[in-house]
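>>> Sequence and predicted structure below; questions after.
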Amino acid sequence: MSRSIRPKFHQRSAEIQKYGTINDYPIGLSEEVRSRSCEALNQLLADTITMRDMYKKHHWQASGPTFYSLHLLFDKHYEEQARIVDLLAERIQTLGGVAISMAHDVAEMTSIPRPPRGKEETPVQISRLLEGHEILLRNAREAARQSAEDGDDGTNDLIISDVIRTNEMQVWFLAEHLYPTALVYAGQRPQPPADQPTPPPPH
């Protein structure tokens, strides 16, 4: 009587490469440089994953008069951040490092403050995204300067061409939504809060 071949479940083994170590790939960069680049790129990866997921959160939770346009914009920005996530992770692996990927690792590493679980007003959503972009861009510029100094041209090009330029463009698209301009009547100034006096009309 023949026995059938069965799948082997619940397999475990030692890691084949521990996080923080560098494989010796012959790409013309020292281990020290590649290690430094991987550390900076993993920070950018954690921040970019956070931005990606915050865009999806706000995409689902958009509301108000600008719901439709922001619902679409947030998802567009989500897709752009998702693309950068893949580029960053692949660059880390190309340098011989190990890219982070799991949510708990991202939560521990990201520089961007965690938003609440609940739904917030549209201006708050946009403000949170803008603040996250600024943190990410500061980290990106520092990493770009270091990679240029180290001669890691591939990392430098990725950070400038994809991370910085994409995030700067997204900041522009978001910030324009926070101008207190009128939707219907041109020249109408926003009303001051109730506890402030009404400004005199223009002459």
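Looks like it came in fine.
>>> what's the single longest helix in this protein?
helix 31-61 (DSSP state H).
>>> Where does pLDDT dip in the protein?
Residue ranges of the chain with pLDDT under 70: 1-2, 188-192, 196-203.
>>> try 80 this time
Along the chain, segments meeting pLDDT under 80 span 1-3, 182-203.
>>> isn't Gly64 right next to Val124, touching?
No. In this structure, Gly64 is not within contact of Val124 by C-beta atoms under 8 Å, at 11.4 Å. Heads up, the C-betas are built off the backbone N, CA and C, glycines and all.
>>> So for the two, which sits in the more crowded spot?
Val124 (13 against 10; other C-beta atoms under 10 Å).
>>> can you give me the strands in the protein?
Counting by DSSP state E, the chain has no strands at all.
>>> and the most centrally placed residue in the chain, what does it touch?
Centroid-nearest residue in the chain, with C-alpha atoms, centre = their mean: Thr48, separated by 2.3 Å. Thr48 makes contact with 81, 84-85, 88, 136, 163 under the criterion C-beta atoms under 8 Å, 6 or more residues apart in numbering.
>>> picking up where we left off before, how far is the longest helix of the chain from where the chain is centred?
6 Å (C-alpha atoms, centre = their mean, to the nearest Å).
>>> Number of residues surrounding the closest residue in space to Val98 that isn't next to it in sequence?
Distance criterion C-beta to C-beta, 6 or more residues apart in numbering; nearest residue to Val98, sequence neighbours excluded, is Tyr19 at 4.8 Å. Using other C-beta under 10 Å, the number of residues around Tyr19 comes to 12.
>>> same question, the one 5 residues further on
Counted with other C-beta under 10 Å, the burial measure for Asp24 works out to 8 neighbours.
>>> Same check on the one 5 residues further on?
Around Leu29 there are 20 other residues, counting by other C-beta under 10 Å.
>>> What of Thr155?
For Thr155, using other C-beta under 10 Å, the count is 29.
>>> how close does it sit to Glu90?
For Thr155, the distance to Glu90 (C-beta to C-beta, to the nearest Å) stands at 12 Å.
>>> for Gly20, same thing?
18 Å.
>>> ditto for Asn139
For Asn139 relative to Glu90 (C-beta to C-beta), the value is 19 Å.
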